[in-house]
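Colleague: Take this sequence and fold it.
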Amino acid sequence: MTHARSPSARRHIRTSVALDVTVNGVLNHVEGRICDLSEGGARIDGATLPERTRCEIHYAGQTVYAVVMWAEYDRMGVRFPYELTSGPLHKALERARGATAIAPGQMFLANRPTGFGRRGLS
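Modeller: Down below sits the predicted model:
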């Protein structure tokens, strides 16, 4: 009997992203999009490999090793055996986390002009 971990048992915070990647399996490679990313794994939409398959994820010149933990018809969840701590994929994760830290209303207030009319633009 397999016991599923509860979502609260996750060690890493998942963050929504939209990153196009290539996933290399043993016999093939498929294109997909990482939609959910953390230092410990990712959900990849548009790509599927069998469970327990070891694969490589290629993004912006970086190769990250992964193991497929679950798979559905058009998406899969992978775990990184080595925690994501550097490289383009980690930078994309940090950027996504930084973007979500700013509330939508705060972004508008930070970018608005301080004056009125032409005088406020100089």
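Colleague: going forward, measure contacts between C-alpha atoms and count neighbours the same way
Modeller: Fine.
Colleague: Run through the strands of the chain in chain order.
Modeller: 15-24, 29-37, 41-45, 54-59, 62-71, 75-79 (DSSP state E).
Colleague: what about the fourth one, average pLDDT?
Modeller: Mean pLDDT, computed over strand 54-59, is 98.
Colleague: Spatially central residue for this structure, please.
Modeller: Using Cα atoms, centre = their mean, the residue of the chain that lies closest to the mean C-alpha position is Leu37, 2.9 Å off.
Colleague: okay, the strands of the chain in CSV with distance to Ser86 next?
Modeller: Supplementary listing: the strands of the chain in CSV, determined by distance: least, Cα to Cα, whole Å:
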stretch, distance to Ser86
strand 15-24, 16
strand 29-37, 14
strand 41-45, 14
strand 54-59, 13
strand 62-71, 10
strand 75-79, 16
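Colleague: Would you tell me which of those strands gets closest to Gly87?
Modeller: Between Gly87 and those, the shortest gap by Cα to Cα is with strand 62-71, which sits at 6.7 Å.
Colleague: quick check: angle from that closest one to strand 75-79?
Modeller: Per axes from the mean of the first three to the mean of the last three Cα atoms, to 10 degrees, the angle that strand 62-71 makes with strand 75-79 is 120 degrees.
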